[in-house]
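# Predicted model and sequence follow; I will ask about them next.
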Amino acid sequence: MHVILYEEMIALIPEGLVLHHECEHAGCVNPWHLTPMTAGKHALHHNRLLIWQSEKAHCPRGHALTEENLVAWDLKIGRRRCLACHREKVKDYMRHRRGQP
């Protein structure tokens, strides 16, 4: 879908190039978030992002990102999620469903 929108609204994708999501959201179809680049450069950029993510020691809420506190989230792209934060969100959701503050 994003390829079609890019080619309809911006330009044809040059032969041998792929579209890269600058916003890092693979499901995004906003053509202004896309940049044509070689597959090799795209893979290198993607790998750098995964390396950067894997080097994080703590989640935004401060929980340690240890092996015991991680859950694979989107295995296609290697995302991981803080298990402690996930559990807190589930507890909040259940409290809300029961009508508790």
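Noted; the coordinates are in hand.
# helix or strand for Ala43, which one?
helix 39-54 (DSSP states H and E).
# ok, residues contacting the helix or strand following that helix?
Under the assignment DSSP H and E, the closest C-terminal helix or strand after helix 39-54 is strand 70-72. Strand 70-72 has contacts (CB atoms under 8 Å, 6 or more residues apart in numbering) with 79-83, 86. Bear in mind the C-beta positions are built from the backbone N, C-alpha and C, glycine included.
# Return the subset of the residues you listed lying in strands.
80-82 (DSSP state E).
# Give me the neighbour count for Leu65.
Using other CB atoms under 10 Å, Leu65 has 19 other residues around it.
# how near is Glu68 to Arg61?
Remark: distance between Glu68 and Arg61 (CB to CB, to the nearest Å) = 16 Å.
# Repeat that for Arg97.
Between Arg97 and Arg61 the computed distance is 22 Å (CB to CB).
# Give me the domain ranges for this structure.
1-55, 57-101 (automatic domain parsing).
# how about the ones you listed in JSON lines, adding mean pLDDT?
Output for these, formatted as JSON lines (pLDDT from 0 to 100):
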{"stretch": "domain 1-55", "mean pLDDT": "80"}
{"stretch": "domain 57-101", "mean pLDDT": "82"}
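# residue contacts, Leu5?
Taking CB under 8 Å, 6+ apart, one finds 29-31 in contact with Leu5.
# Shouldn't it be within a helix?
Yes - counting by DSSP: H, G, I helix; E, B strand; the rest coil, Leu5 is found in a helix.
# hang on, the earlier thing: list buried residues within the ones in strands among the contacts of strand 70-72.
The neighbour count (16 or more other CB atoms under 10 Å) marks 80-82 as buried among these.
# With distance to Thr38 as new columns, can the residues you listed be given to me in JSON lines?
Converted to JSON lines, those look like this (distance: CB to CB, whole Å):
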{"residue": "Arg80", "distance to Thr38": "28"}
{"residue": "Arg81", "distance to Thr38": "31"}
{"residue": "Cys82", "distance to Thr38": "34"}
